[in-house]
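Asks: Curious how this folds, go ahead:
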Amino acid sequence: MRALAVSIWVFINLLFFGMCGYMYLLWSQYWIYTQTEDSTTAYNYDQQIYYYNRGYPPSYFNDTPKFNTSDRRKRAQHTTKENPITIIKNSKPRFPNLQESEFQMDTKKFQCLQNESTSDCHKKTFEYKTQLLKELRRVSLMDESNILKHKNPYNVHYNGTKGVDKNVKDILCSLQSINLKTITRSEYPFNNETFKEFFPKKGLFENKTFKSCAIVASAGSLRGSSLGQRIDSHDIVLRFNHAPTEKYETDVGGKTNFRILNSQVVAKPEFNFLQSKMYRNITILVWDPSRFMESLDDWFKKPDFNLFPNYFEHRRSYRKTKTYVLNPNSLWDLWVFLQKYSINQLPKNPPSSGFLGLAVLLHHCDYVDMFEYIPSVRVTKTCHYFDEEDNPACTFGVWHPLASEKLFAYSLNIASDIAVFQTGYIRIPGFSKYC
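Replies: Numbers count the residues shown, from 1 in each chain. Okay, the predicted model is just below:
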């Protein structure tokens with residue numbers, strides 16, 4: 001009996017101390033997590049989605065990032081002649097999916113073959129379309145609504161309506177009411193002699209119209225598309241950030257007359273903004289997020305990235321380049337619009353550059369073709385057509401409302417399913433032709 005009692009006593013003590021140890025482990029991990037989260041501040045949208053999804057720690061976003069030796073060994077550099085950039089290999093998305101995805105990437109089974117019948121091609125296309133839209137809705141409803149929902153780095157407060165039900169024409173024409181302003185020399189605090197030469201008198205594309213406009217994503221699915229000639233046939237060709245055309249003309253074209261850049265590309269030396277020919281003799285729109293509805297004066301004193309020194313120098317050095325800076329409040333007007341027509345709660349982060357480009361060009365173009373914004377049957381884990389990194393988060397996003405944006409854009413599409421899912425573009429009519 002004595003031995004039995006001792007055994008029970010030892011068992012109870014082991015159980016007790018085991019539970020205490022487990023609780024301590026849980027609490028310690030919780031406090032480490034909360035401290036890390038509290039230390040994270042608001043950073044530029046494109047920088048966060050680009051680097052978070054590639055495994056960089058928050059310290060990377062400091063002005064003088066430091067990595068230990070083992071971290072450096074895990075990172076591989078890929079450089080182009082004019083734009084040295086750093087890509088992280090073999091990393092996983094920072095934010096996990098809340099529901100396992102069944103969507104297949106890097107498969108050729110949905111691609112129509114040359115000798116295939118029309119009915120078989122349509123069958124493949126419909127099957128792919130169904131799976132893709134299901135995945136976009138899953139990410140939109142599950143991941144975007146839950147990941148980082150407790151975070152509000154830009155102090156966004158929205159108490160308006162959600163999921164407004166209107167027909168496609170009414171929704172498209174409602175988007176026309178969003179006035180996307182660029183900063184001119186007449187606006188405070190830029191309305192003095194100091195800034196006179198650096199800010200234009202007129203807004204972006206003011207009083208200008210175009211027949212056809214192309215928005216070219218940087219997606220890896222552009223590889224092997226042979227879309228270059230089709231893209232170059234448009235009056236305006238918009239590209240993003242440092243996406244190159246040299247060596248990729250067959251798939252993405254060689255024409256560029258409009259670029260949208262996030263402020264990181266302008267501010268950070270590794271993007272070579274002042275020296276690269278990529279950013280000359282075209283129209284450029286630069287954006288940097290402010291806090292929600294913050295005044296221009298407060299934003300100018302503390303931008304997300306200090307784009308202004310290089311912006312001023314670029315304006316001074318390259319007079320033929322028409323460079324504009326987006327009023328950051330316009331970016332939040334666009335977010336409010338998207339939230340109004342979305343059923344789910346969007347992440348409280350700015351919209352993507354792609355959605356911004358669409359909202360800009362619809363005001364000036366008879367129609368806008370968006371290439372590989374909605375991923376075609378060539379969809380791949382490879383992030384960009386100009387690098388080798390694999391990461392599905394580049395296509396579906398999480399930190400930003402990318403899935404919701406794509407579903408919204410697709411709802412406005414007038415192109416056929418073959419054009420969208422086999423060829424690789426959606427077509428959206430401009431306001432002048434539809435409203």
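Asks: which residues sit in contact with residue 427?
Replies: Listed by C-beta atoms under 8 Å, 6 or more residues apart in numbering, the contact set of residue 427 reads 367, 368, 369, 370, 413, 414, 415, 419. Yep, even glycine has a C-beta here, placed from its N, CA and C like the rest.
Asks: just residue 286 next, same as before
Replies: Residue 286 neighbours (C-beta under 8 Å, 6+ apart): 260, 261, 262, 263, 266, 307, 311, 323, 324, 325, 326.
Asks: beta partners for it?
Replies: Bridge pairing for residue 286 (DSSP bridges) gives the partners residue 261, residue 325.
Asks: For residue 240, see how far away it is.
Replies: 12 Å (C-beta to C-beta, to the nearest Å).
Asks: which neighbours do the two share?
Replies: 260, 261.
Asks: Look at the spatially most central residue of the chain and report its pLDDT.
Replies: By C-alpha atoms, centre = their mean, the mean C-alpha position of the chain lies nearest to residue 352, the distance being 3.8 Å. Note for residue 352: predicted pLDDT of 93.
Asks: Narrow the contacts of residue 427 to just the buried residues.
Replies: 367, 368, 369, 370, 413, 415, 419 (16 or more other C-beta atoms under 10 Å).
Asks: Okay, and the first one sits in which element?
Replies: For residue 367, the enclosing helix or strand under DSSP states H and E is strand 365-371.
Asks: again, but for the fifth one
Replies: Residue 413 is part of no helix or strand when elements are defined by DSSP H and E.
Asks: so what's it up against?
Replies: 374, 420, 426, 427, 428.
Asks: of the residues you listed, closest to residue 434?
Replies: For the contacts of residue 413, the closest approach to residue 434 (C-beta to C-beta) belongs to residue 428, at 8.7 Å.
Asks: burial measure for the closest one, as a count.
Replies: Close neighbours of residue 428, defined as other C-beta atoms under 10 Å, add up to 25.
Asks: if we can go back for a sec, parallel or antiparallel, list what pairs with the strand holding residue 367.
Replies: Assessed with DSSP bridges, strand 365-371 is paired to strand 210-216 (parallel), strand 425-429 (antiparallel).
Asks: contact partners of that strand?
Replies: 209-217, 222, 227, 231, 234-236, 252, 354, 358, 361-362, 409, 415, 424-430, 432-433.
Asks: Equivalent analysis for stretch 196-209, please.
Replies: So stretch 196-209 is contacted by 180-187, 190, 283, 285, 311-312, 315-316, 322, 324-325, 360, 363-366, 432 (C-beta under 8 Å, 6+ apart).
Asks: Tell me which residues of that stretch come out buried.
Replies: Buried, per 16+ other C-beta under 10 Å, within stretch 196-209: 198, 199, 200, 204, 205.
Asks: Please apply the same query to stretch 411-426.
Replies: 412, 413, 415, 419, 420, 421, 422, 423, 424, 425, 426.
Asks: Could you single out the nearest of those residues to residue 168?
Replies: Distances from residue 168 to the buried residues of stretch 411-426, taken by C-beta to C-beta, are shortest for residue 412, at 6.1 Å.
Asks: show me the contacts for the closest one.
Replies: Taking C-beta under 8 Å, 6+ apart as the test, what residue 412 contacts is 168, 171, 172, 426, 428, 429.
Asks: Enumerate every residue touching residue 173.
Replies: 431, 434, 435.
Asks: now swap in residue 284 and tell me
Replies: Per C-beta under 8 Å, 6+ apart, neighbours of residue 284: 258, 259, 260, 261, 321, 322, 323, 324.
Asks: Model confidence for the third one, exactly?
Replies: Reported pLDDT at residue 260 in the predicted model: 98.
Asks: neighbours around it, how many?
Replies: Neighbour tally, residue 260, other C-beta under 10 Å: 23.
Asks: I'd guessed it sits against residue 356; true?
Replies: Yes - counting by C-beta atoms under 8 Å, residue 260 does reach residue 356; the two are 6.4 Å apart.
Asks: Give the residues shared as contacts by those two.
Replies: residue 287.
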